[in-house]
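> coordinates for the following, if possible.
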Amino acid sequence: MRPHKAGRQQPLDLLAGVPDAVFRLDHKGRFTYLNAAAEALLERRADELLGRLAPGCFPATRGSLLEIQMREVLADRRPRQFDYHYQPQNRWYEVRAFADPAGLAVFFRDIDAHRRDDEQRDAEVRQLTAVLEALPSATVLVNGDDRIVVANRAWVGNGELLRSAGIRPGGVGDDYLASMSNALRPADHAAIVAGLSRLREQPDGAGMTFDYEYSAQLGPCASWFRLQAARVEASERIVVTHIDITDRVRDEQAMAWKAGHDELTGLANRATLLDMIGDALSGAVPGAPGTALLVIDLDGFKTVNDSLGHQLGDLLLRQVGERLADQVRPGDAVGRLGGDQFVVLARDCDSAEAAALAFRLQTTFGSAFVAAGISVPLSASIGVAVSRSDVRDAHQLLSDADAAMFAAKSSGRDRVHLFSPGLREAARWRLEVATRLRGDAIDQLVVHYQPVVRLDTGEVEGVEALVRWQHPERGLLPPDSFLSVAEETGQVIPITRWLLRETTRKAAEWRSQGLPLRMSVNVSARHFSAETLVRDVRVALRDSGLPPDQLVLELTETSVAEDPTRAEDQLTVLRSFGVRVAIDDFGTGWSSLAQLFALPISTLKIDRSLLTAAERASAGETGAVLGAIVGLTRTLGIRSVAEGVETPEHLRMVREAGCDLAQGWLLGQPMPAEEIPRWVRAVQAAGGDLCAQVMASSTVYQAG
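Residues are numbered from 1 along each chain as shown. Predicted structure coming up:
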């Protein structure tokens, strides 16, 4: 009970225990009641205030929000609630004012700490908002309930894209995680929910972050984002930034695609093919059809590149890839190993199906390819290998298919060859040859010489140089066991360069001994493309001192046909300073006669296969075939050489046909250099007519 006036008592104070400060004012604004909390808050005793006007006791309230609000309550009798800052105390209070019959009841509550905390949080939010607005990436501030408190302009802009795609975006006040679920895959959404939960579960999340990359469909194309979330210090609020990494991801995807595909054709490259082969082999079911690989190598494509240019060559390679892709079965894969080699991977395919596929692919080359208006015929050699139980390695299966392709290539153009275990040994041998030829094998090469004889006089006119390899383990190896590999690897050029030096030196040595034997040396088509043939011949002749007309360069018609223009240019230069040129193995190539005889050649060597065919034919046909060839050469002023003369019948046929020269085992087998002088002098001592000598020996032998 508090006195109202001296000598008076207040009734029982029912509000004494209320924690809020409560006082009453009459209609004139005089204090009529204060509880204990009001005395403490106002820092005045009740007996100092009761009966006195409030503005007089607290001058700082004159004209303030508090005075205005209380007058309005007295005027309209409607309650008011508001926050009021009392300047003398520099504190905030929550005020509730109610009209009652006696005047006005006012409840005060000290909310200074709470208000200042709110102001601090608001200031922080304003500061964060300013920072977030400056960020180029879509960013939001979410509170402890995952509600969006702040969203910057970039977030709003992304929301417009979502809205255009029919997806409701999240804005301020919305549940962030619920909004994100509208545009994310379930797995991505679950990962983000878990990541934000872990951030909040940390006792002190300051400095901790959560990163996650995801894709979302914003507009017509997918976009990629990197989500970065961080706790606000001493708060449950989280700043979530969505950095657009679409360009980076697309660049990475493009780089990954390029790393796994051939840039020219867009087909799988070697690395990708090996991965695909490995997957197919590892997934093979016992007893089921295996995995087939077809290695396809274009025949003579280097000539196309050299003659038409690489730009047109590239167009043709793209067309080849497209044709192959059109012909394979669904689920099969086509790739390019590089150069003019392609690979087809056929899953669940046995040997018969693989062979059928190979022949079908071969038919794709039946019609010419057209590039820049030029029609170009192409063919391909195809090697086929089908996985077996002992093959689980992708490299091995590819090596087997490559070995089969090499066998197809070696047997002629436009062939299909199936792998057999023997080819694996052949492939190992090719690798050994290629390795050794790059090392010291050239020092192990030796030359044997086969005589070339004039058919009219039987005189030994010259020799043909035939290179051999004195292998340290395998003994003396013939040229066909290693020269094809040298041709592939380009080692045939240094071998030929060495051969030119060795043979011209030997021919000059024999000449000084009174044996002027014309030296014939085989030259590879590779030398034309390297464009060092003229220089290498000049150097060999200069160093040896051999007259140029004593050297004959032999080239196969197939090698010349691969690049006739380049061959003609270089051969013309060689012919101009006296070197003779012979076309070897005539009858086995595929060049046209017009193209062939346009070259500056002096000799045509008729292949032994024509002699064998002529021997099987009737006498009349024999004379007609060989006679026509020899007659043609004489008309053109070209000498003819018959190769492979091994029997007296062969010798008779070529002499009757009118050939100029001949060579073969009947007339003399290849022999080391040191045997040549003794052998030639023995022929000369016997009269010099080797043809007559061998025929006589044959007659004696038959009679005996």
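> quick one: residues contacting residue 216.
Each residue near residue 216 by Cβ atoms under 8 Å, 6 or more residues apart in numbering is listed here: 183, 184, 222, 223, 224, 225. Where C-beta positions appear, they are placed from N, C-alpha and C, glycine not excepted.
> again, only using 6 Å
183, 223 (Cβ atoms under 6 Å, 6 or more residues apart in numbering).
> how much space separates residue 524 from residue 500?
Noted for residue 524: a distance of 12 Å to residue 500, by Cβ to Cβ, to the nearest Å.
> higher neighbour count, those two?
Applying other Cβ atoms under 10 Å to residue 524 and residue 500 shows that residue 500 carries more neighbours, namely 26 against 20.
> that one touches residue 540, doesn't it?
Yes: taking Cβ atoms under 6 Å as the definition, residue 500 is a contact partner of residue 540 at 3.9 Å.
> hmm, who's touching stretch 237-255?
Against stretch 237-255 from outside (Cβ under 6 Å, 6+ apart): 137-143, 223-231.
> I'd like the next helix or strand past the lowest-mean-pLDDT helix or strand in the chain.
Lowest on mean pLDDT, DSSP states H and E among the helices and strands of the chain sits helix 593-597, with a mean of 60. Counting by DSSP states H and E, the element after helix 593-597 in chain order, helix or strand, is strand 603-606.
> list the buried residues for stretch 245-265?
Neighbour counts over stretch 245-265 (16 or more other Cβ atoms under 10 Å) mark 245, 249, 260, 261, 262, 265 as buried.
> list the helices and strands the helix or strand where residue 511 lies packs on?
Assigned by DSSP H and E, residue 511 belongs to helix 492-512. If you count contacts as 3 or more Cβ pairs under 6 Å, 6 or more residues apart in numbering; DSSP states H and E, helix 492-512 packs onto strand 518-522, helix 526-530, helix 533-544.
> that helix: which residues count as buried?
Buried residues in helix 492-512 (16+ other Cβ under 10 Å): 492-493, 495-504, 506-508, 510-511.
> okay, stretch 477-484 in PDB with CA atoms only?
Output of stretch 477-484 as PDB, limited to C-alpha atoms (Å, rounded to 0.1, in the frame of the first residue of the first chain):
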ATOM      1  CA  LEU A 477      68.700 -63.500 -93.200                       C
ATOM      2  CA  PRO A 478      67.200 -62.700 -96.600                       C
ATOM      3  CA  PRO A 479      66.000 -59.200 -97.400                       C
ATOM      4  CA  ASP A 480      62.300 -60.100 -97.200                       C
ATOM      5  CA  SER A 481      62.600 -60.900 -93.500                       C
ATOM      6  CA  PHE A 482      63.600 -57.300 -92.500                       C
ATOM      7  CA  LEU A 483      63.400 -54.800 -95.300                       C
ATOM      8  CA  SER A 484      59.600 -54.500 -95.100                       C
END
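> please renumber the chain so that the first residue is 29 from this point on.
Shifting the count to begin at 29 puts that one at stretch 505-512.
> quick one: mean pLDDT over it.
Averaging pLDDT along stretch 505-512 yields 84.
> and that stretch, how far out from the chain's middle?
The chain centroid and the centroid of stretch 505-512 are separated by 36 Å under Cα atoms, centre = their mean, to the nearest Å.
> in it, which residues are buried?
505, 507, 510, 511, 512.
> the closest residue to residue 550 other than its chain neighbours and residue 459, how far apart?
Nearest residue to residue 550 in three dimensions, chain neighbours excluded: residue 582, at 4.8 Å (Cβ to Cβ, 6 or more residues apart in numbering). Distance, residue 582 to residue 459, by Cβ to Cβ: 29 Å.
> which one's more surrounded, the two?
For the pair residue 582 and residue 459, the greater number of neighbours falls to residue 582 (19 against 12), based on other Cβ under 10 Å.
> which phi and psi values does the more buried one adopt?
Phi and psi for residue 582, reported as degrees, to the nearest 10, are phi -100, psi 130.
> pull out the buried positions in stretch 328-346.
Neighbour count says stretch 328-346 has 328-334, 336, 340-341, 343-346 buried, by 16+ other Cβ under 10 Å.
> same check, this time on stretch 119-139
For stretch 119-139, by 16+ other Cβ under 10 Å, it's 119-125, 127, 131-139.
> among those, which are located in strands?
119-125, 127, 131-138 (DSSP state E).
> where do the helices sit along the stretch 29-178 of the chain?
64-70, 74-77, 82-85, 93-104, 140-162 (DSSP state H, counting those that start in this stretch).
> next one: stretch 534-550 to chain centre, how far?
Using Cα atoms, centre = their mean, the offset of stretch 534-550 from its chain centre is 54 Å.
> repeat for stretch 322-338
Here the centre of mass of C-alpha atoms in stretch 322-338, compared against the chain's by Cα atoms, centre = their mean, lies 21 Å away.
> average model confidence for it?
On average, stretch 322-338 scores 84.
> same question, stretch 164-175
For stretch 164-175, the mean confidence score works out to 87.
> send the alpha carbons of it over as PDB?
Extracted in PDB, the C-alpha atoms of stretch 164-175 (Å, rounded to 0.1, in the frame of the first residue of the first chain):
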ATOM      1  CA  PRO A 164      28.600 -11.000 -58.900                       C
ATOM      2  CA  SER A 165      27.400 -14.500 -57.900                       C
ATOM      3  CA  ALA A 166      23.900 -15.400 -56.700                       C
ATOM      4  CA  THR A 167      24.100 -15.200 -52.900                       C
ATOM      5  CA  VAL A 168      21.700 -15.500 -50.000                       C
ATOM      6  CA  LEU A 169      21.800 -15.100 -46.200                       C
ATOM      7  CA  VAL A 170      19.700 -17.700 -44.400                       C
ATOM      8  CA  ASN A 171      18.800 -17.800 -40.700                       C
ATOM      9  CA  GLY A 172      18.700 -20.700 -38.400                       C
ATOM     10  CA  ASP A 173      15.300 -21.900 -39.700                       C
ATOM     11  CA  ASP A 174      16.700 -21.900 -43.300                       C
ATOM     12  CA  ARG A 175      14.600 -18.900 -44.200                       C
END
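> and that stretch, what's buried?
Those would be 165, 166, 167, 168, 169, 170, 171, 174, 175, for stretch 164-175 by 16+ other Cβ under 10 Å.
> then stretch 254-272?
254-260, 265-272.
> now do stretch 303-320
Buried-residue list, stretch 303-320, by 16+ other Cβ under 10 Å: 304, 305, 306, 308, 309, 312, 317, 318, 319, 320.
> and if you look at stretch 349-363?
So for stretch 349-363, counting by 16+ other Cβ under 10 Å, buried means 349, 351, 352, 353, 355, 356, 360, 361, 362, 363.
> the fifth one is in contact with residue 392, isn't it?
Yes: contact status for residue 355 versus residue 392: in contact at 5.5 Å, counting by Cβ under 6 Å.
> below-threshold pLDDT in the stretch 79-228 of the chain: ranges please.
149-162, 192-194 (pLDDT under 70).
> in a markdown table: the buried residues of stretch 273-293, plus distance to residue 440, secondary structure and pLDDT.
What follows is those, written out as a markdown table (distance: Cβ to Cβ, whole Å; DSSP: H, G, I helix; E, B strand; the rest coil; pLDDT from 0 to 100):
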| residue | distance to residue 440 | secondary structure | pLDDT |
| --- | --- | --- | --- |
| 273 | 56 | coil | 90 |
| 277 | 50 | helix | 90 |
| 288 | 35 | helix | 87 |
| 289 | 33 | strand | 88 |
| 290 | 28 | coil | 90 |
| 293 | 27 | coil | 90 |
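> between those residues, which sits nearest residue 516?
residue 290 (21.5 Å; Cβ to Cβ).
> for the closest one, grab phi and psi.
Per-residue torsions, residue 290: phi -70, psi 130 (degrees, to the nearest 10).
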